[in-house]
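S.K.: Just the structure for this:
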Amino acid sequence: MKIYIRKEINENTFEVLGSDGSTLKNHNGKPYPFLSENISRNLIGDLNAICEIRYKPEEGIEVTEEALYNDVLTRISEQELRESFSYCLLSTLMEYEEQQMDAELEYEDQMEWDRLFRLNISSDTGSLELNKTQKARDFFNDKWKNFGLNYYQSLEEMHENEVEFISDEIIQDIQPLVDSMDISKRVAVNILYNFFEYFSITIPILWVNGKITDEDFISSYWSLEFGIDITEMEEEDYEQPRFLMNRLLYLKTILWGYDWKDETLPCCGF
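M.R.: You can find the predicted model right below:
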């Protein structure tokens, strides 16, 4: 059943209500602004879709709708808030707007550990890594190069051990994308980079700029981090990649709102 709802305030403006029936709040307890029809619909759609998966009763156990609702309210751990990229983005941008701050995206140093350029070619999963990162690597054409795994913890250690650094021409190819990104896209990249355990800064940058698809993103992640081809998964195992692709889809809709200059969005116009 739905836990998050919206209440129309006036034409094309809605208040989003949380699981307790009060105005949805961000991670610092600050109430959400009123949002447009499209943004509010997508936000509660994302949160309710997560709730439907995370709070569904165990198979074989018959429960009433009232019992399920009460169970959800008592077990709310805000997991759906942590797993919704859309909620994380809007909540973070609320803080930037309040402080009148811009968001920087540090990417050049992070690229030295970026698995997109440091494939484990000699491993059993080397061909899989090449195959599943093909769409992302295509952006760089013949400039892409595999620099080998980087086991060192700092740039200084890399220098001391003569580890090859990512070439300037690769960084220069990414720079125009980063320079063109507004604050919503920069914050989205930081959120995704953290959520996916820093496996790549380049893949989120390519994704927010529409250079790769949701499936390209998640397929790259699974191949590089786990050595698994998601297209060969059993249906039960495929639930988690599908879950994450759906989260990206909702996030993409929120980012489109910034492209369309939806003025109900925090930091719109920054």
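S.K.: any idea how far the closest residue to Tyr238 other than its chain neighbours lies from Asn246?
M.R.: Spatial nearest neighbour of Tyr238, excluding adjacent residues (CB to CB, 6 or more residues apart in numbering): Ile230 at 6.4 Å. For glycine as for every other residue, the C-beta is placed from the backbone atoms N, C-alpha and C. Ile230 sits 14 Å away from Asn246, taking CB to CB, to the nearest Å as the criterion.
S.K.: give the contact list for the residue nearest to Tyr238.
M.R.: Neighbour list for Ile230: 218-219, 222, 238, 241 [criterion: CB atoms under 8 Å, 6 or more residues apart in numbering].
S.K.: Could you dump the residues you listed into a markdown table and include distance to Gln175?
M.R.: What follows is the contacts of Ile230, written out as a markdown table (distance: CB to CB, whole Å):
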| residue | distance to Gln175 |
| --- | --- |
| Ile218 | 25 |
| Ser219 | 26 |
| Trp222 | 28 |
| Tyr238 | 36 |
| Pro241 | 30 |
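S.K.: my guess is Tyr221 meets Ile203, correct?
M.R.: Yes - Tyr221 lies in contact with Ile203 (CB atoms under 8 Å); the separation is 7.5 Å.
S.K.: Between the two, point out the one with more neighbours.
M.R.: Using other CB atoms under 10 Å, the more surrounded residue of Tyr221 and Ile203 is Ile203, with 27 against 23.
S.K.: what helices or strands is the helix or strand where that one lies leaning on?
M.R.: Using DSSP states H and E, Ile203 maps to helix 202-208. Helices and strands touching helix 202-208, by 3 or more CB pairs under 8 Å, 6 or more residues apart in numbering; DSSP states H and E, are helix 134-138, helix 168-180, helix 183-195, helix 214-226.
S.K.: so which of the ones you listed gets nearest Gly29?
M.R.: Gly29 sits nearest to helix 183-195 of all these, at 19.2 Å, using CB to CB.
S.K.: Contacts made by that closest one with the rest, please.
M.R.: By CB under 8 Å, 6+ apart, the residues outside helix 183-195 that reach it are 85, 88-89, 92-93, 96, 102-105, 107, 110, 178, 181, 200-201, 204-205, 207-209, 251, 254-255, 258, 265, 267, 270.
S.K.: picking up where we left off before, could you check the pLDDT of the residue nearest to Tyr238?
M.R.: Ile230 is assigned a predicted lDDT (pLDDT) of 97.
S.K.: What distance do you get for it to Ser84?
M.R.: 21 Å.
S.K.: just Ser40 next, same as before
M.R.: On the measure of CB to CB, Ser40 and Ser84 end up 14 Å apart.
S.K.: more crowded one of those two?
M.R.: Using other CB under 10 Å as the criterion, Ser40 and Ser84 rank with Ser40 on top: 25 against 22.
S.K.: host element of that one?
M.R.: Ser40 belongs to helix 37-54, assigned by DSSP H and E.
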